[in-house]
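[1] here you go, sequence then predicted model.
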Amino acid sequence: MDLTYSAEDEAFRAEIRGWLEENLAGEWAELKGLGGPGKDHEAIDERLAWNRHLAQQGWSGVGWPAEHGGRGLTLWQQVIFHEEYARSNAPARVNHVGEELLAPTLMAFGTAEQQERFLPRILAVEELWAQGYSEPDAGSDLANVKTRATLDGGEWVIDGQKVWTSNAHFSDWLFVIARSEPGSVRHHGLSFLLVPIDQAGVDVRPIEQLTGGSEFNEVFLTGARTAADLVVGEPGQGWGVAMGLLGFERGVSILAQLVDFDRELGDLVDVAKGNGAVDDPILRDRLAGLRAELEVMRFMALRSLSGVKRGEDSSAGGGAASIFKLAWADWHKRLGEVAMDVLGPAGLLAEGAPYDLDEWQRLFLFSRADSIYGGSDEVQRNILAERVLGLPREPKGTS
Ligand SMILES: Cc1cc2nc3c(=O)[nH]c(=O)nc-3n(C[C@H](O)[C@H](O)[C@H](O)COP(=O)(O)OP(=O)(O)OC[C@H]3O[C@@H](n4cnc5c(N)ncnc54)[C@H](O)[C@@H]3O)c2cc1C
């Protein structure tokens with residue numbers, strides 16, 4: 001493991017830390033802590049304005065290569081950027097899906113025209129994107145997608161239903177996996193399409209969540225249209241593109257997530273000190289255990305990033321990505337449970353209207369989703385069983 005930061009890296013850390021201190025002042029300071037998992041419905045317009053401010057100042061696409069208008073930071077500098085961003089408690093950016101998922105996918109699989117058309121607008125935070133993968137019968141088993149796409153003259157016509165589509169209600173575009181070859185099964189015959197949301201054939205219906213907010217949606221596609229050339233990769237070869245995109249998920253931002261967890265745990269310890277819960281030896285022990293585990297996860301993340309830096313494929317070998325996902329999802333759910341025990345009976349009451357939850361109640365409820373999205377616990381265990389331990393593969397239907 002290589003844990004050293006060069007003098008250049010440290011200078012970069014000072015630069016971004018200074019910039020954030022200077023800029024997260026005045027009105028922007030009021031946005032601190034807003035947005036992010038479980039809170040993505042908060043202050044969308046204000047966070048969008050902040051996101052654009054970042055972009056205007058060159059803090060968008062920090063990991064993108066310079067040829068696409070990015071800052072071209074090294075891997076370690078990207079880690080520093082995300083760590084400092086999280087440490088400053090800056091509001092969650094609204095452009096994450098476009099900037100960190102779709103953009104690298106377009107760079108890897110898109111045509112020059114698609115890159116020219118979309119990348120500058122993602123970089124400038126002018127167009128927001130949502131991910132249209134999951135369907136009612138295709139979540140973990142994504143190859144089961146039923147949404148159909150047919151070429152009709154110069155356009156794709158798309159029919160089907162997506163679900164859990166985060167942030168579609170304020171996005172401009174949706175990338176969709178659809179079956180474009182009638183009669184094809186599983187991962188064959190799928191296409192990866194870029195679909196404008198603002199059209200009669202796209203109906204976005206927010207889903208009210210356990211937390212009271214609505215971050216994700218059902219998206220009904222009924223004769224939705226998009227131009228024939230807005231297919232990424234070859235028609236029928238969309239599975240490879242879709243999987244390529246998933247490879248960009250998380251990446252360097254995992255250390256930043258741990259910074260957020262660290263802040264949450266620190267805040268909870270303050271609550272426990274304030275209400276006397278910290279005097280309970282069992283709660284003290286659980287809080288201390290969470291702290292120790294967080295430190296272990298930080299080293300896990302650094303080890304896996306060191307591997308990426310050395311050019312190792314993080315998806316291969318020891319299954320580091322799956323182990324890390326299992327570890328943080330379980331940790332975060334337990335943080336929510338400990339928070340409820342720290343609050344005691346007060347944790348059962350909402351302060352205002354029935355669903356006016358405080359941050360701990362919301363954390364407790366939303367963290368139940370941590371072991372579902374980004375690959376559920378069971379799916380991660382299957383990956384470890386099959387790819388790392390070499391156990392027999394589970395049957396997957398016709399392929
Ligand atoms: C907060 C949140 C945000 C999301 N955002 C998006 C988004 O923006 N775009 C998008 O496309 N999707 C999104 N999703 C959907 C997410 O990808 C799916 O929820 C996930 O893939 C699981 O699929 P599912 O919900 O259909 O559950 P299912 O796949 O039906 O799974 C149900 C249960 O069965 C288990 N299971 C499934 N298959 C197996 C197996 N082979 N072996 C053992 N157990 C198994 C699962 O672990 C789970 O416990 C989001 C989900 C959440 C919770």
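    Here it is on my side, so go on.
[2] ignoring the adjacent residues along the chain, who's closest to the one residue in the chain that gets nearest to the ligand?
    Among the residues of the chain, Gly139 lies closest to the ligand, at 1.9 Å counting by C-beta to the nearest ligand atom. Heads up, the C-betas are built off the backbone N, CA and C, glycines and all. Spatial nearest neighbour of Gly139, excluding adjacent residues (C-beta to C-beta, 6 or more residues apart in numbering): Trp164 at 7.5 Å.
[3] same question, Gly344
    Ala277 (7.0 Å).
[4] per-residue pLDDT of that neighbour, please?
    At Ala277, the pLDDT value in this model is 97.
[5] these two touch, right, it and Leu283?
    Yes. The pair Ala277 and Leu283 passes the contact test of C-beta atoms under 8 Å, sitting 5.3 Å apart.
[6] in terms of neighbours, single out the busier of these two.
    Neighbours were counted for Ala277 and for Leu283 using other C-beta atoms under 10 Å; Ala277 has more, 19 against 16.
[7] so what's that one up against?
    271, 283, 341-344 (C-beta atoms under 8 Å, 6 or more residues apart in numbering).
[8] in strands, which of those appear?
    Among the contacts of Ala277, DSSP state E puts none in strands.
[9] shouldn't Gln131 be within a strand?
    Yes. Counting by DSSP: H, G, I helix; E, B strand; the rest coil, Gln131 is found in a strand.
[10] what is the burial count for it?
    Gln131: 24 surrounding residues under other C-beta under 10 Å.
[11] what residues are up against it?
    Applying C-beta under 8 Å, 6+ apart, we find Gln131 in contact with 97, 101, 165-166, 174-175.
[12] so which residues of the stretch 101-250 of the chain form helices?
    103-109, 112-123, 238-247 (DSSP state H, counting those that start in this stretch).
[13] how about these in CSV, adding distance to Val231?
    Listed next are those as CSV, based on distance: least, C-beta to C-beta, whole Å:
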stretch, distance to Val231
helix 103-109, 10
helix 112-123, 9
helix 238-247, 8
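[14] output those in TSV, with mean neighbour count appended to each entry.
    Below are the helices of the stretch 101-250 of the chain laid out as TSV (neighbours: other C-beta atoms under 10 Å):
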stretch	mean neighbour count
helix 103-109	20
helix 112-123	16
helix 238-247	19
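[15] lowest-confidence stretch among those?
    helix 238-247 (a mean of 94).
[16] any idea how far Gly110 is from the nearest residue to Arg286 once chain neighbours are set aside?
    Excluding its sequence neighbours, the residue lying closest to Arg286 (C-beta to C-beta, 6+ apart) is Val338, at 5.1 Å. Applying C-beta to C-beta, to the nearest Å, the value for Val338 to Gly110 is 45 Å.
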